[in-house]
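Asker: could you look at this predicted model? Sequence included:
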Amino acid sequence: MKNVIKVLLVAFLLLVPSGIFAQKALKFGHINSQEVIQAMPDRDSAVIKLQKFNKELSDSYEEQNVELNKKYQKFLEDEKTLNEVVKKTRQEELQQMQQRIQQFQENANQQIQTKKTELMQPILDKLKKAISDVGKEGGFIYVFDIGGNTNVLFFSAESQDITALVKQKLGIKK
């Protein structure tokens, strides 16, 4: 009985490693998504639209600042001749105007972020789909992004760079 158990144990120990080696090799890939995004033609038009939007807001901000500065200069010129009630009223107007400009700037920054997201999301979705398609076609179990802000600290030479494959899938020529 002890011999049968020993034989079964030895057989088990010999068969387990062969089962492990018979498994399919795991494929890992990596991509520099920033490089692909920079090469996407859609990105250029999005950047132009965002710049135009940003310029419109910036011009409006600048106009408001010019108006504020003119009123402030006028106030400084007239300050000595104004009675206290008028002086205080103009100071309050200047403060309110300055607050409106600050509020405008905050709203403009939020609108710029929203517009950037709105313009870039379709590009990012297109990239994600291309990466997914290449990953499935290539039999990869993971694809890591090594471009931009990444947490991948190391990847070996066994990890395949699929950047060119994704560019090809997107129709981007070198």
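Answerer: Received, thanks. If you're wondering where the values come from, they're calculated on a predicted model, not measured in any experiment. Numbering: from 1, shown residues only.
Asker: what is the longest helix of the chain by residue count?
Answerer: Taking DSSP state H as the criterion, the chain has its longest helix at helix 84-138.
Asker: now that one: average pLDDT?
Answerer: Confidence over helix 84-138 (mean pLDDT, whole number) is 96.
Asker: please renumber so the chain begins at 694
Answerer: Okay, using 694 as the starting number, the last item reads as helix 777-831.
Asker: next one: it to chain centre, how far?
Answerer: 14 Å (CA atoms, centre = their mean, to the nearest Å).
Asker: beyond that helix, next helix or strand please.
Answerer: strand 835-838 (DSSP states H and E).
Asker: pairing partners for that following strand, with directions?
Answerer: strand 721-724 (parallel) (DSSP bridges).
Asker: so the closest residue to residue 798 other than its chain neighbours: helix, strand or coil?
Answerer: The spatially closest residue to residue 798, leaving aside those adjacent along the chain, is residue 754, at 6.1 Å (CB to CB, 6 or more residues apart in numbering). C-beta here means a position set from N, CA and C on the backbone, and glycine is covered the same way. What DSSP: H, G, I helix; E, B strand; the rest coil gives for residue 754 is helix.
Asker: which residues touch residue 754?
Answerer: With contact set as CB atoms under 8 Å, 6 or more residues apart in numbering, residue 754 has these partners: 794, 797-798, 801.
Asker: closest to residue 749 out of these?
Answerer: residue 801 (9.4 Å; CB to CB).
Asker: burial measure for that closest one, as a count.
Answerer: 17 (other CB atoms under 10 Å).
Asker: could you pull up phi and psi at residue 775?
Answerer: Main-chain dihedrals, residue 775, degrees, to the nearest 10: phi -90, psi 140.
Asker: check contacts around the closest residue to it other than its chain neighbours.
Answerer: Excluding the flanking residues, the one nearest residue 775 by CB to CB, 6+ apart is residue 783, at 7.1 Å. When contacts are counted by CB under 8 Å, 6+ apart, residue 783 is found next to 764, 768, 775.
Asker: so how far is residue 765 from the last one?
Answerer: In this structure, residue 775 and residue 765 are separated by 14 Å, where distance is defined by CB to CB, to the nearest Å.
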